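Engineer: Provided below for reference: sequence and predicted model.
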Amino acid sequence: MKIKRGIWFFWLMLGLLSASQADVVLQVLGSGGPEMDDSRASSAYLIWVDKKARVLIDFGGGASLRFEQSKAKIADIDVILLTHLHIDHTADLPALLKASFFTKRRRDLPVYGPDGNSIMPATQTFIKKLFKTGSGAWQYMGDFLDGSGTFTLKPHTIAFGKKPRRIYRSKEMYIYAVSVHHGPIPALAYRIEVQGYSIVFSGDMNGAYHTLEVLAKDADIMVAHNAVPQGANGVAAALHMTPDTIGKIAAKAKSKRVILSHRMRRTLGKERQTRFEISKFYKGPVVFADDGSSFELK
Ligand SMILES: [Zn+2]
């Protein structure tokens, strides 16, 4: 009896220990793309550090409700990273800013995103077009840009570049970005390093620049967007990675785990085929994400 109790105590302590070790958690808020018939929010992710939501990556349609459900606090966010400015990655940003008014947030909120071109605005221009006093679509939110609000939204435009660069640094976090090929749309992949762990987000891309392989080197997690099936061609393949490309990149980068997100009608139901195509090149674990999926790093 005594021994049995001892064993239970051992397992209890082990459980408590491992729970407290999970200080870094990736949470998928939105595992879908632009479609609205799959019960998935559009692209959005959180990185939790010490039980606080510290990094927000993308914030597409539906993400604000998933954010609420996650119990994350707007006041805890250190930085927002936008992989690109398509609607399915940014549509709920105005909702987040409005909601922040009702929180205790008082410190500036940096937002990083890509440069512009002839069809897309640069990130700083994009934010001004949304909120600037006098000209923005929601100009009544201009206080958040000109310094007279409860805090200031600080947009940063990251110039095009095929070599990973450090774009953000705090006491405990480093963030790197590199340009990726998403058809004619300026787009970025990000790598977040925190507490010795690394999480990489491909964003939407088709792999043509061969930059993600470098950014994702030895990453603990690579979140890859699974928007098209094997055999895709035309516009779809110009914008997105096919599963074999995901496999090749993950293998080259030696990523420790691959999470597949940005799932769409084109790929839903084709998980077996997708997994098979990836496994031809990448032998590590591959997981399909759903809204709310959490992945602990330990
Ligand atoms: Zn997308």
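Structural biologist: Yes, it's here. As the structure is a computational prediction, the values presented were derived from the model and not from experiment.

Engineer: Could you list the contact residues of the stretch 101-250 of the chain toward the ion?
Structural biologist: residue 204 (C-beta under 5 Å from the ion). Where you see a C-beta, it was placed from the backbone N, CA and C, and this is true even at glycine.

Engineer: Can you mark which positions in stretch 196-206 are buried?
Structural biologist: By 16 or more other C-beta atoms under 10 Å, the buried positions in stretch 196-206 come out as 197-206.

Engineer: make that stretch 275-294, sorry
Structural biologist: Those would be 277-278, 281-282, 286-289, 291, 293, for stretch 275-294 by 16+ other C-beta under 10 Å.

Engineer: ok, which pair from those residues is furthest apart?
Structural biologist: With C-beta to C-beta as the measure, no two of those lie farther apart than 281 and 291, at 27.9 Å.

Engineer: rewinding a little: will you turn the buried residues of stretch 196-206 into a markdown table that also has pLDDT and secondary structure?
Structural biologist: Conversion of the buried residues of stretch 196-206 to a markdown table gives the following (pLDDT from 0 to 100; DSSP: H, G, I helix; E, B strand; the rest coil):
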| residue | pLDDT | secondary structure |
| --- | --- | --- |
| 197 | 98 | strand |
| 198 | 98 | strand |
| 199 | 98 | strand |
| 200 | 98 | strand |
| 201 | 98 | strand |
| 202 | 98 | coil |
| 203 | 98 | coil |
| 204 | 98 | coil |
| 205 | 98 | coil |
| 206 | 97 | coil |
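
Engineer: and which of the residues you listed is nearest to the ion?
Structural biologist: residue 204 (4.4 Å; C-beta to the ion).

Engineer: In this model residue 182 seems to touch that closest one, though I could be wrong.
Structural biologist: Yes. The pair residue 204 / residue 182 is scored as a contact, 4.8 Å apart, by C-beta atoms under 8 Å.

Engineer: Touching both of these two, which residues are there?
Structural biologist: Shared contacts of residue 204 and residue 182 (C-beta atoms under 8 Å, 6 or more residues apart in numbering): 84, 239-240.

Engineer: export those to CSV and tack on pLDDT?
Structural biologist: Below are the shared contacts of residue 204 and residue 182 laid out as CSV (pLDDT from 0 to 100):
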residue, pLDDT
84, 98
239, 97
240, 98
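
Engineer: What is the neighbour count of the residue of the stretch 1-150 of the chain found nearest the ion?
Structural biologist: Distance from the ion to each residue of the stretch 1-150 of the chain (C-beta to the ion) is smallest for residue 88, at 4.3 Å. By other C-beta atoms under 10 Å, 24 other residues sit near residue 88.
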